[in-house]
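*Asks:* Okay, here's the prediction I keep looking at, along with the sequence it came from:
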Amino acid sequence: MPRISVGTFTIVLSYVLSQFYRVFLAVMSPVLGRELGVGPDDLALSSGLWFLAFALVQLPVGWGLDRFGPRRTVAVLMAVGGAGGALIFGLATETWHLHVAMTFLGAGCAPALMGAYYIFAREYPVASFGPLAGFAVAVGSFGDILGAAPLVWAIQTVGWRGTQFGLSAITLMMALAILLLVRDPERLDTSGTRGSPAALLRIRALWFLVPLFFLIYAVPAALRGLWAAPYVSEVFGADDHAIGFVTLGMGLAMVLGNFLVAPLVRLAGSLRRAALGLTGVTVMVLALLVLFPAAGLIPAALLLGLIGFSGVGYALMMAHGRSFIPMPLLGRGVTFLNMIAIGGVAVMQFVTRPIYRMAESMWAPPAVFSVVFLTFLVPLAIGYVLYFMTPEPETP
């Protein structure tokens with residue numbers, strides 16, 4: 001993997017915060033339930049709003065990357081949305097305050113990974129994009145780890161409000177570091193180039209990639225960020241520490257998988273075949289969780305860890321899709337793909353909320369979560385079948 005500059009690595013580090021903010025509700029759910037009366041369905045809405053805001057901001061972020069470059073685009077949104085959202089969260093006294101805070105945080109985190117991807121695609125060979133994309137996601141996945149057992153320790157030490165105020169300060173400092181250290185690539189002449197979603201969807205190679213891309217990140221992100229905690233708590237009676245270690249295991253698996261992007265591609269022979277293999281594993285693991293939701297805490301933790309490992313499919317498919325996007329549309333192209341992936345998480349958060357409520361009113365917890373897992377399994381399997389029709393990545 002080629003070396004990257006200090007400025008580029010600073011943007012990669014900002015993705016740690018983006019990953020943290022999308023998953024930390026899972027660990028905070030017990031204390032928010034005790035102090036604010038927030039339930040799993042409320043957190044599903046808050047988490048869904050994070051992903052919805054993140055997705056809706058992607059196209060403006062793509063325009064900003066092409067027009068202004070990653071330095072200002074990432075720094076401004078992270079300072080206003082990220083630091084501001086964490087501050088609002090720390091001041092929350094009502095459930096709707098959390099909804100507002102998570103919306104701000106979603107918008108503030110939207111450009112972090114895309115800023116890094118934009119630099120990778122502009123300044124490195126096409127063959128390096130996959131390993132670099134996996135490296136960025138792997139580094140960012142440490143946010144998943146920080147959002148597990150370390151977050152439990154922070155809440156117990158300084159309280160959940162003090163933790164949020166500290167996170168707001170850290171996010172603001174990260175935005176300032178990006179403003180000071182990042183150097184933008186040379187601007188491209190994009191005059192006369194149309195970069196609307198319609199123009200991008202006219203790229204035929206993306207047609208059968210997009211359905212699976214809509215689900216490939218939704219499964220590990222939604223389970224790690226929202227449903228893992230209530231699942232192990234309600235089905236197995238896990239306490240805060242057990243929840244922290246289960247979600248930590250998912251986070252470590254995500255880190256490991258993304259550091260192994262290059263070896264996985266070499267082993268499979270191509271980005272496409274590697275993504276097919278990993279997604280096939282995810283389909284089988286979800287099927288096991290549907291059939292045996294109460295098999296035991298340790299088996300459940302191991303299966304959730306395998307789903308975390310499968311999160312590497314996002315980086316593989318992003319690299320696959322990026323190979324079909326012309327350079328003048330690069331910023332808008334990668335953010336469009338990211339909008340599809342993150343929009344999938346938002347949709348699945350909103351869809352699973354009423355399904356959970358309905359199932360909870362009729363069945364015991366194991367059956368309830370069997371239905372939740374089935375809700376992820378069916379569309380993922382459909383997207384998986386369609387992805388077989390996507391061509392191999394284009395190379396110059």
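*Replies:* Perfect, thanks for sending it. Computed from a prediction, not measured in an experiment: that's the story for all the values here.

*Asks:* ranges for the strands of the protein?
*Replies:* Per DSSP state E, the chain has no strands. Nothing in it meets that criterion.

*Asks:* Okay, now the unreliable bits of the stretch 151-300 of the chain?
*Replies:* 188-198 (pLDDT under 70).

*Asks:* again, 90 this time
*Replies:* Applying pLDDT under 90 to the stretch 151-300 of the chain flags residues 151-153, 156, 184-208, 216-218, 220-230, 238-272, 274-275, 278.

*Asks:* Quick check: buried residues in stretch 49-61?
*Replies:* Within stretch 49-61, the residues that count as buried by 16 or more other CB atoms under 10 Å are 49-61. C-betas here are computed from N, CA, C, even on glycine.

*Asks:* got CSV for those, with pLDDT and distance to Gly333 too?
*Replies:* Below are the buried residues of stretch 49-61 laid out as CSV (pLDDT from 0 to 100; distance: CB to CB, whole Å):
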residue, pLDDT, distance to Gly333
Leu49, 88, 26
Trp50, 89, 23
Phe51, 81, 20
Leu52, 84, 21
Ala53, 90, 21
Phe54, 87, 17
Ala55, 82, 15
Leu56, 87, 17
Val57, 90, 16
Gln58, 85, 11
Leu59, 84, 11
Pro60, 89, 14
Val61, 90, 12
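
*Asks:* Dump the residues you listed into JSON lines; add distance to Leu201 as well.
*Replies:* Below are the buried residues of stretch 49-61 laid out as JSON lines (distance: CB to CB, whole Å):
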{"residue": "Leu49", "distance to Leu201": "26"}
{"residue": "Trp50", "distance to Leu201": "26"}
{"residue": "Phe51", "distance to Leu201": "21"}
{"residue": "Leu52", "distance to Leu201": "21"}
{"residue": "Ala53", "distance to Leu201": "23"}
{"residue": "Phe54", "distance to Leu201": "20"}
{"residue": "Ala55", "distance to Leu201": "16"}
{"residue": "Leu56", "distance to Leu201": "17"}
{"residue": "Val57", "distance to Leu201": "19"}
{"residue": "Gln58", "distance to Leu201": "15"}
{"residue": "Leu59", "distance to Leu201": "13"}
{"residue": "Pro60", "distance to Leu201": "18"}
{"residue": "Val61", "distance to Leu201": "18"}
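
*Asks:* which one of those residues is nearest Phe165?
*Replies:* Trp50 (19.0 Å; CB to CB).

*Asks:* so that closest one touches Leu105, yeah?
*Replies:* Yes - using CB atoms under 8 Å, Trp50 is in contact with Leu105, at 5.8 Å.

*Asks:* how close does Ser233 get to Tyr15?
*Replies:* Ser233 sits 29 Å away from Tyr15, taking CB to CB, to the nearest Å as the criterion.

*Asks:* Comparing these two, which shows the higher neighbour count?
*Replies:* Legend: neighbour count by other CB atoms under 10 Å for Ser233 and Tyr15, higher for Tyr15 (26 against 19).

*Asks:* and the more buried one, what does it touch?
*Replies:* For Tyr15, the contacting residues are 112-113, 116, 136-137, 139-140, 143, by CB atoms under 8 Å, 6 or more residues apart in numbering.

*Asks:* any idea which of the buried residues of stretch 49-61 is the one closest to Gln156?
*Replies:* Ranked by distance to Gln156 (CB to CB), the buried residues of stretch 49-61 are led by Trp50 at 24.1 Å.

*Asks:* so who does that closest one touch?
*Replies:* Taking CB under 8 Å, 6+ apart as the test, what Trp50 contacts is 21-22, 102-103, 105-106, 109, 346.

*Asks:* List the ones among those residues that fall in helices.
*Replies:* Taking DSSP state H, the ones among these that sit in helices are 21-22, 102-103, 105-106, 109, 346.

*Asks:* Can you tell me which of those residues is nearest Phe259?
*Replies:* Among the ones in helices among the contacts of Trp50, Arg22 lies closest to Phe259 (CB to CB), at 19.6 Å.

*Asks:* What does Val39 show for phi and psi?
*Replies:* Slight slip there: residue 39 is Gly, not Val. Main-chain dihedrals, Gly39, degrees, to the nearest 10: phi -100, psi 170.

*Asks:* Show me the helices in the stretch 201-350 of the chain, by range?
*Replies:* Applying DSSP state H, counting those that start in this stretch to the stretch 201-350 of the chain gives helices spanning 210-216, 218-222, 228-236, 240-259, 261-268, 271-291, 297-309, 313-322, 330-360.

*Asks:* Output the longest helix belonging to this protein.
*Replies:* Assignment by DSSP H; longest helix in the chain turns out to be helix 149-181.

*Asks:* Could I get the buried residue list for that one?
*Replies:* Residues 149-152, 154-155, 160, 163-165, 167-168, 170-172, 174-175, 177-179, 181 are the ones in helix 149-181 that count as buried (16+ other CB under 10 Å).

*Asks:* now swap in stretch 368-386 and tell me
*Replies:* Of all the residues in stretch 368-386, those buried under the rule 16+ other CB under 10 Å are 368-377, 379-381, 383-384.

*Asks:* cool, and stretch 35-48?
*Replies:* Across stretch 35-48, burial judged by 16+ other CB under 10 Å covers 36, 38-40, 42-48.

*Asks:* From the buried residues of stretch 368-386, pick the one nearest Ser361.
*Replies:* Nearest to Ser361, judged by CB to CB, of the buried residues of stretch 368-386 is Val368 at 9.3 Å.

*Asks:* In the stretch 51-200 of the chain, mark out all the helices, start to finish.
*Replies:* Under the criterion DSSP H, counting those that start in this stretch, helices of the stretch 51-200 of the chain are mapped to 58-67, 70-77, 84-91, 95-109, 112-123, 126-140, 142-146, 149-181, 197-201.

*Asks:* Out of these, the one nearest Phe259 is which?
*Replies:* Shortest separation from Phe259 across these is recorded for helix 126-140, at 4.4 Å, computed as CB to CB.

*Asks:* Tell me what angle the closest one forms with helix 112-123.
*Replies:* 160 degrees (axes from the mean of the first three to the mean of the last three CA atoms, to 10 degrees).

*Asks:* what's the angle between helix 126-140 and helix 313-322?
*Replies:* Helix 126-140 runs at 150 degrees relative to helix 313-322, counting by the same axes, to 10 degrees.
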